[in-house]
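Undergrad: Following is a predicted model, sequence given first.
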Amino acid sequence: AFLDDGIIEKTKRIEGILHCVRPVALAKYPVFTENTREYTVLETENFGKIVQMEIGAIMVGKITNHKLSGRVARGMEKGCFEFGGSTIVVLIKKDMIRFNDELLNKLKATKEVSVYLGESIAVKMNGGKN
């Protein structure tokens with residue numbers, strides 16, 4: 001799902017290999033630069049320009065994003081991973097958000113936290129685009 005309302009500026013698929021994306025694999029393999037990825041550059045209403053990137057994994061292998069262009073809405077389905085789950089990376093300019101303390105505490109304890117659609121993990125800071 002898209003994380004905010006905005007306009008799609010660019011989409012790109014990058015073919016790669018399929019390492020596991022669990023934290024144990026991150027110590028051995030450059031997962032985020034070698035795995036198959038697909039990203040979208042969005043000009044969002046609340047955070048300015050962001051990148052939302054899906055990363056394929058060994059048990060997933062296929063990223064299927066809808067062929068969208070133009071305006072999108074927060075929560076609108078962007079696409080899906082086929083077979084299992086994987087990882088989504090979001091790049092946002094510094095000082096645009098503040099992560100929830102509960103999320104940060106979970107990360108300190110477990111190094112990996114599942115996030116579900118609609119779950120809040122951060123809030124927009126005052127410096128964010130209005």
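TA: Arrived safely. Note that the structure is a prediction, hence the values are computed from the model and not measured.

Undergrad: Can you show me the helices along this structure?
TA: Under the criterion DSSP state H, the chain carries helices at the ranges 23-26, 31-34, 101-110.

Undergrad: Which stretch among these is buried most, on average?
TA: When the helices of the chain are scored by mean count of other CB atoms under 10 Å, the highest mean neighbour count falls to helix 31-34 (a mean of 16). C-beta: built from backbone N, CA, C; applies to glycine.

Undergrad: tell me which strands and helices it is in contact with?
TA: The helices and strands touching helix 31-34, judged by 3 or more CB pairs under 8 Å, 6 or more residues apart in numbering; DSSP states H and E, number zero.

Undergrad: now the helices of the chain as a markdown table including mean pLDDT and distance to Val90?
TA: A markdown table is the format used below for the helices of the chain (pLDDT from 0 to 100; distance: least, CB to CB, whole Å):
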| stretch | mean pLDDT | distance to Val90 |
| --- | --- | --- |
| helix 23-26 | 79 | 17 |
| helix 31-34 | 88 | 12 |
| helix 101-110 | 90 | 13 |
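
Undergrad: In a markdown table, list those along with distance to Ile55.
TA: Compiled in a markdown table, those are given as follows (distance: least, CB to CB, whole Å):
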| stretch | distance to Ile55 |
| --- | --- |
| helix 23-26 | 11 |
| helix 31-34 | 6 |
| helix 101-110 | 18 |
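
Undergrad: quick one: buried residues of stretch 86-101?
TA: Buried positions in stretch 86-101, judged by neighbour count with 16 or more other CB atoms under 10 Å: Ser86, Thr87, Ile88, Val90, Ile92, Met96, Ile97.

Undergrad: Hmm, I typed the wrong one, I wanted stretch 69-85.
TA: For stretch 69-85, burial by neighbour count (16+ other CB under 10 Å) applies to Val72, Lys78, Phe81.

Undergrad: Averaged pLDDT, that stretch. What do you get?
TA: For stretch 69-85, the mean per-residue pLDDT is 81.
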